[in-house]
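Student: Pasted the sequence and its predicted model underneath.
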Amino acid sequence: MRSDALADWRAAFAIYLQPRPLTLLLLGFSSGLPLLLVFGTLSFWLREAGIDRSTIGFVSWVALAYGFKWVWAPLVDRVHLPLLGDWLGRRRSWLLLAQIAVAGGLAAMAFTDPQQDLRQLVLLAVLVAFSSATQDIVIDAFRIESGGSRLQAAMAATYMIGYRLAMIMAGAGVLWLAHWVDPDEATYQHAPWSFAYLVMAGLMAIGIVTTLLVGEPHPPQRDDAAADGEPHWIRRMPRWLTPILRWSWSAVLRPFIDFFSRHGWLALLVLALIATYRISDIVLGVIANVFYVDMGFSKVEVANVTKVFGVVMTLLGAVIGGVLVNRLGVMRILFTGALLVAATNLLFALLAKVGASVPLLIVVVAMDNLAGGLASAAFVAYLSALTNVQYSATQYALFSSLMLLFPKFIGGFSGVLVDHIGYERFFVLVALMGVPVLLLVWLAGRYTRLQMREDDA
């Protein structure tokens with residue numbers, strides 16, 4: 001019996017060696033690299049440059065581009081790019097274009113000093129965030145179209161592994177590089193940050209090469225006029241207007257109508273859960289690097305503990321989450337992850353009270369990131385299960401945008417909150433934000449019936 005159980009677990013882990021999960025590992029790296037460079041690492045850079053906490057909090061709204069990607073997702077989902085599209089296919093052509101834009105934007109950020117021109121740096125960060133969000137739209141669609149429901153959790157886990165490895169580079173890697181070439185950490189220097197960001201721009205080559213080598217997915221064909229239930233009034237419009245209205249209905253409106261028609265009023269419950277599930281860790285993440293600077297931790301300490309060890313713990317949580325979702329189902333792990341994330345955020349309040357203790361920082365980061373990795377793997381699998389493969393890019397962009405929009409908006413005020421109530425009370429407040437999420441997960445698990453796609457892997 002024990003040998004059979006061991007064989008079952010080995011078979012469960014072997015799913016990670018299939019081609020598509022391995023491809024998502026590399027694309028996950030490309031997806032994960034830009035985020036911290038316009039979010040957490042950028043906050044560290046700005047704080048070291050002497051920018052005040054409130055301004056840094058508002059600059060974090062740059063990341064709202066990820067929350068509005070559903071606006072242009074229909075274009076990415078349906079528009080065939082000339083030349084590039086003929087060469088690479090619809091998904092890969094958009095992917096390559098976005099990756100090149102990210103690399104160019106990061107290189108331009110490298111040559112901009114926030115002390116001299118903060119506005120230009122922010123505008124370039126917006127460009128990177130917009131291009132990165134576009135890349136995410138395509139990769140999400142690529143993943144959903146590349147495997148069945150049982151493979152989704154594994155692909156989500158390998159995607160997250162690649163994503164988190166990239167975050168090591170964009171977090172610890174940048175701090176290491178900046179420290180390596182910094183002649184004097186006691187005073188701010190632009191050159192170390194410029195060097196580090198140029199290296200990050202070069203690392204986007206990993207995603208570019210993967211895009212050029214990987215095969216184009218082949219989702220089910222759709223008949224826009226028939227399958228999308230085109231309204232009769234469109235055909236009564238002038239001929240010059242008909243193609244525009246037909247495309248708008250098929251590409252923009254129909255994916256949203258499909259979601260609400262499949263789930264009815266329960267769609268509101270699902271959307272509420274999506275909009276709040278990650279609120280605790282996202283709001284905390286806005287101010288985390290500023291917190292480390294204010295506490296007196298050095299670049300190397302922050303890099304080693306939060307950006308390397310922390311990411312390793314997140315990866316461990318993601319792998320465990322992927323396996324547990326496969327064995328126990330999505331909703332149980334979704335609830336467990338939400339509970340752990342809210343509870344572990346309280347540890348930051350303890351750290352704020354104790355002070356710059358590296359041993360305590362290690363414990364806090366280990367617990368927090370392990371919980372976050374497990375929760376994220378379950379949440380990605382949950383979102384994927386909600387998505388209709390015929391509208392994968394648009395619907396998933398809607399879900400993942402909702403996941404970020406409200407938390408990142410609230411997070412923009414984190415600097416103001418810390419200035420008024422201090423770090424200890426702020427972290428307690430952030431943990432309490434996760435309590436209503438538990439009720440939403442319980443309700444969603446009880447009353448919704450996910451339309452799981454058959455495994456065609």
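Tutor: Happy to help now that I have it.
Student: A98 contacts A129, doesn't it?
Tutor: No - using CB atoms under 8 Å as the test, A98 is too far from A129 to be in contact (11.4 Å). All C-beta spots, glycine's among them, are computed from the backbone N, C-alpha and C.
Student: residues near the closest residue to V214 other than its chain neighbours, how many?
Tutor: Using CB to CB, 6 or more residues apart in numbering and skipping residues adjacent in sequence, the residue nearest V214 is T23, 5.3 Å away. Burial measure for T23: 22 neighbouring residues, criterion other CB atoms under 10 Å.
Student: List the buried residues in the helix or strand harbouring T23.
Tutor: Per DSSP states H and E: T23 is located in helix 19-37. With burial defined by 16 or more other CB atoms under 10 Å, the residues of helix 19-37 counted as buried are 20-21, 23-37.
Student: and if you look at stretch 301-320?
Tutor: So stretch 301-320, judged by 16+ other CB under 10 Å, has buried residues 301-320.
Student: Listing request: residues of the stretch 201-350 of the chain with sub-threshold pLDDT.
Tutor: Scanning the stretch 201-350 of the chain with the threshold set as pLDDT under 70 gives 218-252, 263.
Student: just the helices in it please.
Tutor: 205-213, 224-227, 232-235, 242-247, 254-263, 266-276, 279-295, 299-302, 310-328, 330-354 (DSSP state H, counting those that start in this stretch).
Student: for the stretch 351-457 of the chain, same thing?
Tutor: Under DSSP H, counting those that start in this stretch, the stretch 351-457 of the chain gives helices at 358-386, 392-411, 414-432, 435-447.
Student: can you put the ones you listed in a markdown table and add mean pLDDT?
Tutor: Output for those, formatted as a markdown table (pLDDT from 0 to 100):
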| stretch | mean pLDDT |
| --- | --- |
| helix 358-386 | 86 |
| helix 392-411 | 74 |
| helix 414-432 | 89 |
| helix 435-447 | 85 |
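Student: F142 - nearest residue in space that isn't next to it in sequence?
Tutor: That would be R91: by CB to CB, 6+ apart, it lies 5.2 Å from F142.
Student: That neighbour reaches E216, doesn't it?
Tutor: Yes - under the criterion of CB under 8 Å, R91 makes contact with E216 at 5.9 Å.
Student: more neighbours, these two?
Tutor: Shown here are R91 and E216; by other CB under 10 Å, R91 has more neighbours (26 against 13).
Student: The helix or strand the more buried one falls within packs against which elements?
Tutor: Per DSSP H and E, R91 falls inside helix 90-110. When contacts are defined as 3 or more CB pairs under 8 Å, 6 or more residues apart in numbering; DSSP states H and E, helix 90-110 packs onto helix 19-37, helix 84-88, helix 114-146, helix 190-203, helix 205-213.
Student: Nearest approach to G296 belongs to which of those helices?
Tutor: helix 190-203 (19.5 Å; CB to CB).
Student: so how far is the closest one off the chain centroid?
Tutor: Averaging C-alpha positions (CA atoms, centre = their mean, to the nearest Å) puts helix 190-203 22 Å from its chain's average.
Student: Of all the residues in that helix, which ones are buried?
Tutor: In helix 190-203, counting by 16+ other CB under 10 Å, buried: 190, 192-197, 200-201, 203.
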